[in-house]
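1. here is my input; please provide its structure:
(4 chains)
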There are 4 protein chains.
Amino acid sequence: MKKILIINTGGTFNKVYNPLTGNLDIDKQGEAIKSIAKAWLTEFKIKNILGKDSLEMTKKDRKLIIKTIKETEIKDIIIVHGTDTMHKTAKRIAKEKIDKNIILTGSMVPFSVNPIESTSNLCSAYGFIQDFYKGGVCISMNGIIKDYKKVFKNKEKGYFEESK
Amino acid sequence: MKKILIINTGGTFNKVYNPLTGNLDIDKQGEAIKSIAKAWLTEFKIKNILGKDSLEMTKKDRKLIIKTIKETEIKDIIIVHGTDTMHKTAKRIAKEKIDKNIILTGSMVPFSVNPIESTSNLCSAYGFIQDFYKGGVCISMNGIIKDYKKVFKNKEKGYFEESK
Amino acid sequence: MKKILIINTGGTFNKVYNPLTGNLDIDKQGEAIKSIAKAWLTEFKIKNILGKDSLEMTKKDRKLIIKTIKETEIKDIIIVHGTDTMHKTAKRIAKEKIDKNIILTGSMVPFSVNPIESTSNLCSAYGFIQDFYKGGVCISMNGIIKDYKKVFKNKEKGYFEESK
Amino acid sequence: MKKILIINTGGTFNKVYNPLTGNLDIDKQGEAIKSIAKAWLTEFKIKNILGKDSLEMTKKDRKLIIKTIKETEIKDIIIVHGTDTMHKTAKRIAKEKIDKNIILTGSMVPFSVNPIESTSNLCSAYGFIQDFYKGGVCISMNGIIKDYKKVFKNKEKGYFEESK
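-> Numbers count the residues shown, from 1 in each chain, chains lettered A, B, ... in the order given. Prediction:
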């Protein structure tokens, strides 16, 4: 199998309920991704950076993502990211024309609330990248895995769809 | 996206606890697969055939699987199958030299007991097949998605691994 | 068995994740309580009123709770309530000196996020009330079921405890 | 609160899926009960004995249960037990005329498959025993908590009911 790096930047995927405040906080340790690896009886190489809601991501944060992509020797990269600015980050990464296979994914529902959607998004990205060699930046959400330019979040309906 | 047919033959993936008998019975309606589609906010085309434990599969059952593959106009096929004879069925299908992309998957743990492994196996197969065009018969289990000749169940350890 | 009325006023117990907003909203239909009854293979008589976070409860809301208690012919009443002002509502009800057995309960974690605490709180109240005849207003939270004057929320630790 | 001893004898309540064999085995460490205590933010005093399916319980096993009840200084005891011979064990304990409050409970569905019914049965027993002082042997299943002579398993329907 290809060696894959999962860069975990935060987003809804990683949110967990905080009973003291009643809020959903982002777990910065990536326990959700580790839980998937454990139950899947497989191993993931994970790098937790940022731990942010994607609406709060700054230019500096996106530079850190790009730096992390460039610095690793691994060619196949999955980025776990908040859904609201996933497209913006994808566009920013694409501008760099890095010769790697990059897929952004995330989740509308936190893994800790219901694990199916987040697990499906991550694992479909994982499966896709195994036979994907042409490089570029893709998004994998809700069963759609395409070049980022063709996938958009429908904020009213609450899922991602292909642009026509 | 490619149009995919999921042929559901049964296996542990579909087992549900029966409180009247204390046994795990195979649900023949494919509710587990439908639950994944619903939570993933996507749609699956599913054909439920057999509903069998793979240890009980007969020659006739494997013929029915092959017939179902041949009869559909869909070129990309995922087969949900019990793990014990998944390799045997893969070999039997491969003998037919059908010009389609076929991936067998399943689960060591029923979706109804813990949904992560089954969801991961199915969705990684789903992702893989999107960019897989060279035809043949693959197995997708526990993060390994390869030509069936290279993937085996390690019955002692309880997961699938690549042959060396 | 005694006939019990569950008056559902809302609170964390009933919160469900809204993927469109990223917030936890209170389900006003009481689906969490219905889910417990269904899985427990029993039946509950439920009256959904208010559907409010307990921090937002007004004098008028508490009057409605008291009116509901007084109007029903049922003598054994469980009130599902937010945790932050559970004690205040209990005190307000007690002032009425109604000759009924009343237990307030709720949850620190929404049933939809993790069902154990909410189920335990509700079902321990249910069990307690079966053999409770002396009347008064109790709180059932985190394994403590006592006269409301003896049970308090420890906001720093995030659970209820007995006053010393 | 009363000090309660939970004597865990096994049964469906404690069954967990074994992916190597495909069977549901009884966990002898009582992890299910510990999970309830942890999520409920309370503490249980648990004694794990036997770890058996109740159909396999022998005279000697029932003697061990009685010995355990007699030896503890705790007066309030909940026994987690398989459902098939719960009534038989209750009858055998009652014969001893021990001056303690004893409630047998269990589950039709393993905690590990769906935690609601088992949690509800245990926690309703826990709530009931808090205000129960007259001694004797009760059964707490599916919302019915009564003297054991009045509660029976309906094997066809798969739940417990009151005798008429």
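
2. all contacts plus neighbour counts: C-alpha atoms, from now on.
-> Will do.

3. contacts for stretch A:49-58?
-> Under the criterion Cα atoms under 8 Å, 6 or more residues apart in numbering or on different chains, residues A:7-12, A:26-28, A:61, A:65, A:81-86 lie in contact with stretch A:49-58.

4. can you pull the buried residues of it?
-> Neighbour counts using 16 or more other Cα atoms under 10 Å in any protein chain shown place A:49, A:50, A:51, A:52, A:53, A:54, A:57 of stretch A:49-58 among the buried residues.

5. end-to-end on that stretch?
-> Between the start and the finish of stretch A:49-58 there is a gap of 13 Å, counting by Cα to Cα, to the nearest Å.

6. phi, psi of the residue nearest the centre of chain A?
-> Centroid-nearest residue in chain A: residue A:80, 2.0 Å away (criterion: Cα atoms, centre = their mean). Dihedral angles of residue A:80 (phi, psi; degrees, to the nearest 10) stand at phi -90, psi 130.

7. that older thread, out of the contacts of stretch A:49-58, which touch chain D?
-> Restricting those to those near chain D by Cα under 8 Å from any Cα of the partner chain leaves nothing, as none qualifies.

8. out of those, which sit inside helices?
-> Using DSSP state H to define helices, the subset of the contacts of stretch A:49-58 located there is A:61, A:65, A:86.

9. compare the residues you listed and tell me which is most surrounded.
-> With neighbours taken as other Cα atoms under 10 Å in any protein chain shown, the top of the ones in helices among the contacts of stretch A:49-58 is residue A:86, carrying 23 neighbours.

10. that one and residue A:53, how far apart?
-> From residue A:86 over to residue A:53 the distance is 11 Å, taken as Cα to Cα.

11. report the contact partners of residue A:12.
-> Counting by Cα under 8 Å, 6+ apart, the residues that residue A:12 touches are A:26, A:53, A:82, A:83, A:106, A:107, A:108, A:109, A:110, C:22.

12. again, only using 10 Å
-> Residues in contact with residue A:12, defined by Cα atoms under 10 Å, 6 or more residues apart in numbering or on different chains, are A:24-27, A:52-54, A:80-84, A:106-112, A:118, C:19, C:22.

13. in ChimeraX, how would I select just the buried ones from these?
-> The following ChimeraX selection, which keeps only the buried ones among the contacts of residue A:12, applies the criterion 16+ other Cα under 10 Å:
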select /A:24,25,26,27,52,53,54,80,81,82,83,84,106,107,108,109,110,111,112,118 /C:19
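
14. if we can go back for a sec, and of the ones in helices among the contacts of stretch A:49-58, the nearest to chain C?
-> Proximity to chain C was ranked across the ones in helices among the contacts of stretch A:49-58 by Cα to the nearest Cα; first place goes to residue A:86, at 15.7 Å.

15. please see if stretch A:97-106 touches chain C.
-> No. Stretch A:97-106 lies apart from chain C when judged by Cα under 10 Å from any Cα of the partner chain; the minimum separation is 12.6 Å.

16. any idea how many residues pack against residue A:90?
-> Neighbours of residue A:90 under the rule other Cα under 10 Å: 23.

17. pLDDT at it, what is it?
-> At residue A:90 the predicted local distance difference test score is 97.

18. let me know the secondary structure of residue A:34.
-> Recorded secondary structure, residue A:34: helix (DSSP: H, G, I helix; E, B strand; the rest coil).

19. quick one: contacts for the closest residue to it other than its chain neighbours?
-> If you skip the residues right next to it in sequence, residue A:34 has residue A:44 as its closest partner in space, 7.6 Å away by Cα to Cα, 6 or more residues apart in numbering or on different chains. For residue A:44, the contact set (Cα under 10 Å, 6+ apart) comprises A:3, A:4, A:5, A:6, A:33, A:34, A:36, A:37, A:38, B:143.

20. and those residues, which is closest to chain D?
-> Proximity of the contacts of residue A:44 to chain D, judged by Cα to the nearest Cα, is greatest for residue A:38, which lies at 14.0 Å.

21. from chain D, how far off is residue A:79?
-> In this view, residue A:79 and chain D are 31 Å apart by Cα to the nearest Cα, to the nearest Å.

22. for that residue, give its distance to chain C.
-> Using Cα to the nearest Cα, we find residue A:79 at a distance of 20 Å from chain C.

23. who's sitting farthest from the centroid in chain A?
-> Chain A, Cα atoms, centre = their mean, max distance from centroid: residue A:20 (27.9 Å).

24. okay, the strand or helix carrying residue A:127 in PDB with CA atoms only?
-> Residue A:127 is part of helix A:115-130 when elements are defined by DSSP states H and E. C-alpha atoms of helix A:115-130 as PDB (Å, rounded to 0.1, in the frame of the first residue of the first chain):
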ATOM      1  CA  PRO A 115     -19.100   8.400  13.500                       C
ATOM      2  CA  ILE A 116     -20.500   7.300  10.100                       C
ATOM      3  CA  GLU A 117     -20.100  10.400   7.900                       C
ATOM      4  CA  SER A 118     -16.700  11.300   9.100                       C
ATOM      5  CA  THR A 119     -15.400   7.700   8.800                       C
ATOM      6  CA  SER A 120     -16.900   7.500   5.300                       C
ATOM      7  CA  ASN A 121     -15.300  10.800   4.200                       C
ATOM      8  CA  LEU A 122     -11.900   9.900   5.500                       C
ATOM      9  CA  CYS A 123     -11.900   6.300   4.300                       C
ATOM     10  CA  SER A 124     -13.200   7.000   0.800                       C
ATOM     11  CA  ALA A 125     -10.300   9.600   0.500                       C
ATOM     12  CA  TYR A 126      -8.000   6.800   1.800                       C
ATOM     13  CA  GLY A 127      -9.300   4.400  -0.800                       C
ATOM     14  CA  PHE A 128      -9.200   6.900  -3.700                       C
ATOM     15  CA  ILE A 129      -5.600   8.000  -3.100                       C
ATOM     16  CA  GLN A 130      -4.400   4.400  -3.400                       C
END
